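Peer 1: Okay, here's the prediction I keep looking at, along with the sequence it came from:
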Amino acid sequence: MTPAAQQSKPSKAAASEQSPVERTAELSEQVLDQVKESQESAIEAVRRFMESVDEALPPHNEGPGPSRRQEVIDSALEMSEKLVKTQYDFLTNVVRSAGEALGASSKKH
């Protein structure tokens, strides 16, 4: 957990005093902090991967079709796209669930 998320994490007593809107907003902030940290790590991993590919495989193709280097890069980018889509789907579900929970909570009050 990021230091900011740890600092904003309330005690159980403080959480029980918060309104559903405040709790939802706080949860959203914590999720966004985690997502940001995850994205930064992913970007760094892709950068290191590209450096490794540049060192290990020659940039020029010696035959017809894509080079082995290009195949490796294309495969890695495809994987990255899938990870981004998965993260997007996760966030969409979190936001939808939070909205539904907030709506159900406000109907009770």
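Peer 2: Okay, I see it.
Peer 1: and stretch 72-90, average pLDDT?
Peer 2: Averaged over stretch 72-90, pLDDT sits at 87.
Peer 1: can you pull the buried residues of it?
Peer 2: For stretch 72-90, the neighbour count (16 or more other Cβ atoms under 10 Å) marks 72-73 as buried. Backbone N, C-alpha and C define where each C-beta goes, glycine included.
Peer 1: how distant is that stretch from the center of its chain?
Peer 2: With Cα atoms, centre = their mean, to the nearest Å as the basis, stretch 72-90 stands 11 Å off its chain's centre.
Peer 1: Tell me where the model's unsure across this structure.
Peer 2: 1-16, 61, 104-109 (pLDDT under 70).
Peer 1: please redo it, this time with the cut-off set to 90
Peer 2: For the chain, the stretches flagged by pLDDT under 90 are 1-47, 49-51, 53-74, 76-77, 79-109.
Peer 1: Which parts of the protein are helices?
Peer 2: For the chain, applying DSSP state H gives helices covering 3-8, 12-17, 20-56, 68-108.
Peer 1: Between the ones you listed, which one is closest to E62.
Peer 2: Among the helices of the chain, the nearest to E62 by Cβ to Cβ is helix 68-108 (9.7 Å).
Peer 1: who does that closest one touch, helix- and strand-wise?
Peer 2: Secondary-structure packing of helix 68-108 (3 or more Cβ pairs under 8 Å, 6 or more residues apart in numbering; DSSP states H and E): helix 20-56.
Peer 1: angle of the helix it packs on against helix 68-108?
Peer 2: In terms of direction (axes from the mean of the first three to the mean of the last three Cα atoms, to 10 degrees), helix 20-56 departs from helix 68-108 by 180 degrees.
Peer 1: May I see the buried residues of helix 20-56?
Peer 2: So for helix 20-56, counting by 16+ other Cβ under 10 Å, buried means 20, 23-24, 26, 30-31, 33, 53.
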